[in-house]
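In: quick one: sequence and predicted model below, then my questions.
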Amino acid sequence: MKTATAVLAIVAAGTFAAAVTALPAHGVPAGDPTDLIPGLLPDDQSATPPPADGTFVTGPSQAPACTGVTITPAQDAATIVDDAPTGTTFCFTAGLHRVTETIHPKANQVLASDRGAVLTGSVQLTKWSANNGDWVSTGALPPAYSPTGQCEDNTANICYLAEQLFLDSKHLTRVATRDKVAPGTFYADYAANAIYLGSNPAGHAVEMSKTPTAIESSATGVTVRGLTIEHFATPPQGGAVVLGLGWKVVANDIRWNHAVGAMLVNADNAVLERNHIHSNGQLGVGQYNTKSASISANEVSYNNTDGFWIADWESGGIKTTWSSGGWVSGNLIQYNRGVGLWSDAYDDGRTFAGNQIVDNAADGIRYEIGRNGVIEDNLITGNGFGNGRGSGTSLWDGGGININTSSNVQVRDNVVANNVNGISIQSRTRGSGPWGQNVLRDIVVSGNQVTMRGGTTATGMVQNSGAVIPAGEVTLNGNTYILDSLTAERFQKAGQWYTAQQWRQTGQDTTSAFRIGQAILDATGVLTVR
C-alpha cells in the first residue's frame, strides 16, 4: 500500500499543510492457522490489494490435481457422496454434472475437480411451440410462491423468482408480464406453468435453473475446490454453496446462481479463498453468525444480475452480519450492482484489509451497526454512482467508505479516490440491539489518501436529530486530501460545509495535508496526480 513517502512525491499545483509522518504497517495476521491447501497460497498473506488489470488469477486453474473416488457426469453425485464414509475425496471428471438434489457431504470429505467439471442446477427445456410471436414451454415451473427480499423495481417486484433462463448459456432478462416479452427476455407464468421466450429456441440450448442449492450440510471440515458451480435456483439470501464449520472452499468458479454465490452460515473458522464469484443474481458472498472466518483472495464481480435493490438491500459484492473476528482481505471486488463490501447488523471485531474495491454501484465499504472494526490498506475507487431507487450523492447516501452508527472503528491507510463521496460518517437513530443502544462512537480516520473533485463530493459527518454525535467521538487526522480547489467546500459536519482551511478550524484534520490535483489510479493501484 502507499506510504507517506509516496504521498509526498505527488506533484500538484498548490499545497496546504503538507506535513505527514510515516504510516504504520498493518495487515492480515501472519501464519494464518486456517490457511488452505498447502502450496496454493503463502502462509503469510499480504494486505496489498490485488490488481484489477486481468493478471489476478482465481478459480479452478488454481486448484491442485485430484486423486480419489471418481464421479462422472453420468452418475448421481448426491447418492455417491451420501454412500461414502467420512474423509473421502471425490474427483468430478470434466463435463456437465446435473445436480438434481443438493449434495450433502460428510465430515472431512473433499469435493474436487480434475479441471473442467461443471455442477449445474438447471434442466433442459426442449419442447417449445410458437405462440403469438413468442415461444412457449409448459410443465417446468414449480407452484407459485410468495415474494421475499426487496427489488430495485418494487412495482414489478419479480427479483425473488428463482428460476432463471439461459439461452446458449446466456442469461436472459425476466419481464413482469407477457406483453413485455422481446428477444433476450422471458416471462414465467407460474399459475399456468408456462414459460414464454422472446427468442426462437430452434437450434439453441435452453436451460432453466431448478435445484435450489448445490452443496450444503452440517458436517465439519469439508473442502470444495476446483469446481464450476452454476445455474442453481437459490432463494433470496440463500447460497449455491453453503459453508459450514471449518469448511475450505477454494479455487472454484461460482456463477450465474439466482441469489448468493457462496454463503457462510454458522461457519466458524471457514476459509473462502481464490474463488471467482461472479454474475450471481443477488450477492457474491454472504456471511451470517460466523466466527473467525477468512474471505481472502477472491474475485467478486458483476453480482446482482436479477435486480435486487441496489442502494439498501442485501445485493452487490460481499455482505457479513452477526459475525465476529476473522477478516475479508486481498479480494478484488468490482462492478457489483450494490455495496462492494458491507458489514451490517452486529458484526464485532471484523477486519477489512488489502482489498481493491472498484466501480460498485453503492458504497465501496459500508460498516453499519457494528463495533471494533478495522478498515485498512484498501484501494477504493469509482464507487457509489448508481442512480437507482434511493440512490443519491449526499453523505447520507454514502461514499468510498461509509461508517454508519458503529463504534470503535479504525479507518486507516486506505486510498479512497474518485468515489461519489470520500469518507461518510453517519449517525442515525437505529434503535437497540445486543449491545444496548446503537450509537456512533469512537471513530478514528487516519493515514488515508482521499481524492474529492467536482459536484457535491465530500468527506465528513452527518447526524439526525435523535443521534447527535458527542464532541470527541469522531477524529480525522494525518490524512492526505487531493482536491480540485483549496477553496472548494469539500468537507461537511452536521449540515455545514467547509473549505479545507475552515475544516481544520473545526478541530478535524489539523495534521492532514490538502492538495490540488487530479488523482488517477491505474489497475495495479498506483496513484498519480496531474
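Out: Received the coordinates, thanks. Numbers count the residues shown, from 1 in each chain.
In: start and end of stretch 477-487, how far apart?
Out: Using Cα to Cα, to the nearest Å, the end-to-end distance of stretch 477-487 comes to 20 Å.
In: for it, which positions count as buried?
Out: 478-484, 486 (16 or more other Cβ atoms under 10 Å). Just so you know, the C-beta spots here come from the backbone N, C-alpha and C atoms, and that holds for glycine as well.
In: stretch 141-149 too?
Out: So, applying 16+ other Cβ under 10 Å, buried residues of stretch 141-149: 141, 149.
In: okay, the buried residues of stretch 477-487 in TSV with pLDDT next?
Out: Shown next, in TSV, are the buried residues of stretch 477-487 (pLDDT from 0 to 100):
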residue	pLDDT
G478	98
N479	98
T480	97
Y481	97
I482	96
L483	96
D484	94
L486	95
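In: of all residues in the chain, which one is nearest the centre?
Out: G317 (1.6 Å; Cα atoms, centre = their mean).
In: for it, list the residues it contacts.
Out: 283-285, 300-301, 303, 333, 336, 338-342, 357, 360 (Cβ atoms under 8 Å, 6 or more residues apart in numbering).
In: tell me the one of the residues you listed nearest T86?
Out: V285 (27.1 Å; Cβ to Cβ).
In: quick one: which of the contacts of G317 is nearest T405?
Out: Among the contacts of G317, and counting by Cβ to Cβ, the member closest to T405 is W342, at 13.8 Å.
In: looks like that closest one contacts E368 (just checking).
Out: Yes - the criterion here is Cβ atoms under 8 Å, and W342 meets it with E368 at 7.1 Å.
In: higher neighbour count, these two?
Out: Taking other Cβ atoms under 10 Å, W342 and E368 do not tie; W342 has more neighbours (28 against 24).
In: and the one helix or strand the more buried one maps to, which strands flank it?
Out: Taking DSSP states H and E as the criterion, W342 maps to strand 339-344. For strand 339-344, the pairing partners within the sheet under DSSP bridges are strand 316-321 (parallel), strand 365-368 (parallel).
In: tell me the mean pLDDT for that strand?
Out: Mean pLDDT, strand 339-344: 98.
In: repeat that for stretch 166-186.
Out: 98.
In: circling back: run the chain-centre distance for the strand holding W342.
Out: How far strand 339-344 lies from its chain's middle: 7 Å, per Cα atoms, centre = their mean, to the nearest Å.
In: for stretch 280-297, same thing?
Out: The mean C-alpha position of stretch 280-297 is separated from the chain mean by 8 Å, Cα atoms, centre = their mean.
In: how about stretch 504-511?
Out: 34 Å.
In: between the two ends of that stretch, how far is it?
Out: First-to-last residue span, stretch 504-511, Cα to Cα: 9 Å.
In: next one: stretch 508-519
Out: Start-to-end, stretch 508-519 (Cα to Cα) is 23 Å.
In: gap between the residue nearest to the centre of the chain and T100?
Out: 30 Å (Cβ to Cβ, to the nearest Å).
In: just G338 next, same as before
Out: Counting by Cβ to Cβ, the gap from G338 to T100 is 31 Å.
In: do the same with N464
Out: 51 Å.
In: next: Q62.
Out: 29 Å.
In: more crowded one of the two?
Out: Q62 (20 against 12).
In: which phi and psi does that one have?
Out: The phi and psi torsions at Q62 (degrees, to the nearest 10) take the values phi -90, psi 0.
In: cool, R174 as well?
Out: Torsion angles, degrees, to the nearest 10, at R174: phi -80, psi 140.
In: quick one, what contacts it?
Out: 158, 161, 164-165, 185-188, 306.
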